[in-house]
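# structural data only, the sequence is not supplied:
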């Protein structure tokens, strides 16, 4: 790892919208810098869900070590807090090997989780209160706890996803112990992140990104996405499972049931993916840490990222 004046462990990241070219760029960057890739995708955590999640192929995984893929079965729930806990462990291991952790993916909630302190340190804590809230979570589910938080601290609730149960519980614990909502305390800032993130994204014009999405969906269909969905259903995965709500899966279930034509199913996947990419871009454009590389410079993306990682003050001179 290169030396750097920051006292925090450095983490590289290639983030952004689906179909923006993150995988190809990340492989080139990882080989140039000696990185290990940490997949940051809320669908690639599921086993046997490969085509619809655009999971790195076996050949791509052979080029560079990959982590945080195939963590759970498709019928198992998986929370933001679980991802963060596993990712922090992998980051420590990668640093210990003298390599660079490279986050690659478009799940903003995972990046947010890695960017915030896990426990809002410095505020009161009570194991009994946490245990009580954990029991409520197990009985009533994450949505009920998030609703409670929204009633007492809407600002914090709006910032936290219901599946980020660890932080929802912590925010409720703080409110119960102090009578003051989490949002009234000093909110965690980017400077509180436990890592020195160096984040990059590819910026495509909207029509070009939409065209890339449409082509990707057609490629997934040609690679056998309908068969992948059919196999999951045949293996007993419920259509209501969290995993089956992913793009490409939920749209094909009515096709397989004979309720809508395949052509309509494909169009629904393309439309849903374009809408998802728009939401991703809104999310990531709020993050001022991200350096955006224009699509015209995508052939130079590896050079730009590698040079900026090695010489952080060189960013503007590279553009």
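Yep, it's here. These numbers come from a predicted model, not from an experiment. Residues are numbered from 1 along each chain as shown.

# longest helix of this structure?
When the chain is parsed with DSSP state H, its longest helix is helix 262-285.

# just the buried residues of that helix, please?
Neighbour counts over helix 262-285 (16 or more other CB atoms under 10 Å) mark 265-266, 268-274, 276-277, 280-281, 283-284 as buried. All C-beta atoms are positioned from the backbone trio N, CA, C, and that covers glycine.

# grab the most central residue of the chain for me.
Nearest residue to the geometric centre of the chain (CA atoms, centre = their mean): residue 107, 2.3 Å.

# which SSE is residue 14 in?
Element membership of residue 14, judged by DSSP states H and E, is strand 10-15.

# what angle do that strand and helix 262-285 make?
140 degrees (axes from the mean of the first three to the mean of the last three CA atoms, to 10 degrees).

# can you list the strands that strand 10-15 pairs with?
Using DSSP bridges, the strands paired with strand 10-15 are strand 100-105 (parallel), strand 196-203 (parallel).

# which residues touch the longest one?
Put plainly, it is strand 196-203. By CB atoms under 8 Å, 6 or more residues apart in numbering, the residues outside strand 196-203 that reach it are 4, 6, 8-17, 20-22, 25, 111, 115, 284, 287, 289-295, 298, 301, 304-305, 308-309, 312.

# quick one: name whatever helix or strand follows it.
Next helix or strand after strand 196-203 toward the C-terminus (DSSP H and E): helix 206-223.

# what is that following helix packed up against?
Contact here means 3 or more CB pairs under 8 Å, 6 or more residues apart in numbering; DSSP states H and E; on that basis helix 206-223 packs against helix 262-285.

# got the angle for the helix it packs on vs helix 206-223?
Orientation note: helix 262-285 sits at an angle of 130 degrees relative to helix 206-223 (the same axes, to 10 degrees).

# the stretch 101-250 of the chain: helices as residue ranges?
Counting by DSSP state H, counting those that start in this stretch, one finds helices in the stretch 101-250 of the chain at the ranges 108-115, 127-140, 142-152, 154-159, 165-178, 206-223, 225-234.

# tell me the average confidence for the fourth one?
It stands for helix 154-159. Mean pLDDT, helix 154-159: 90.

# how far out from the middle of the chain is that helix?
Helix 154-159 has its C-alpha centroid displaced from the chain centroid by 20 Å (CA atoms, centre = their mean, to the nearest Å).

# kindly report the same for the fifth one.
Helix 165-178 sits 23 Å away from the centroid of its parent chain (CA atoms, centre = their mean).

# list the buried residues for it?
Buried, per 16+ other CB under 10 Å, within helix 165-178: 165, 166, 167, 168, 169, 170, 171, 172, 173, 174, 175.

# one step back: need the contact list for the residue nearest to the centre of the chain.
Residues counted as contacts of residue 107 (CB under 8 Å, 6+ apart) are 40, 41, 42.

# most neighbours, which of the residues you listed?
residue 40 (25 neighbours; other CB atoms under 10 Å).

# ok, now how distant is it from residue 313?
Distance of residue 40 to residue 313, given as CB to CB, to the nearest Å: 26 Å.

# cool, residue 50 as well?
In this view, residue 50 and residue 313 are 40 Å apart by CB to CB.

# between the contacts of residue 107, which is closest to residue 213?
Using CB to CB, residue 41 comes nearest to residue 213 of the contacts of residue 107, at 15.6 Å.

# for the closest one, which non-adjacent residue is closest in space?
Nearest non-adjacent residue to residue 41, counting by CB to CB, 6 or more residues apart in numbering: residue 105, 4.0 Å away.

# residues in contact with that neighbour?
Counting by CB under 8 Å, 6+ apart, residue 105 makes contact with 15, 22, 39, 40, 41, 44.

# export those residues to CSV and tack on distance to residue 234 and secondary structure?
Putting the contacts of residue 105 into CSV (distance: CB to CB, whole Å; DSSP: H, G, I helix; E, B strand; the rest coil) gives the following:
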residue, distance to residue 234, secondary structure
15, 35, strand
22, 32, helix
39, 26, strand
40, 30, coil
41, 25, coil
44, 22, coil
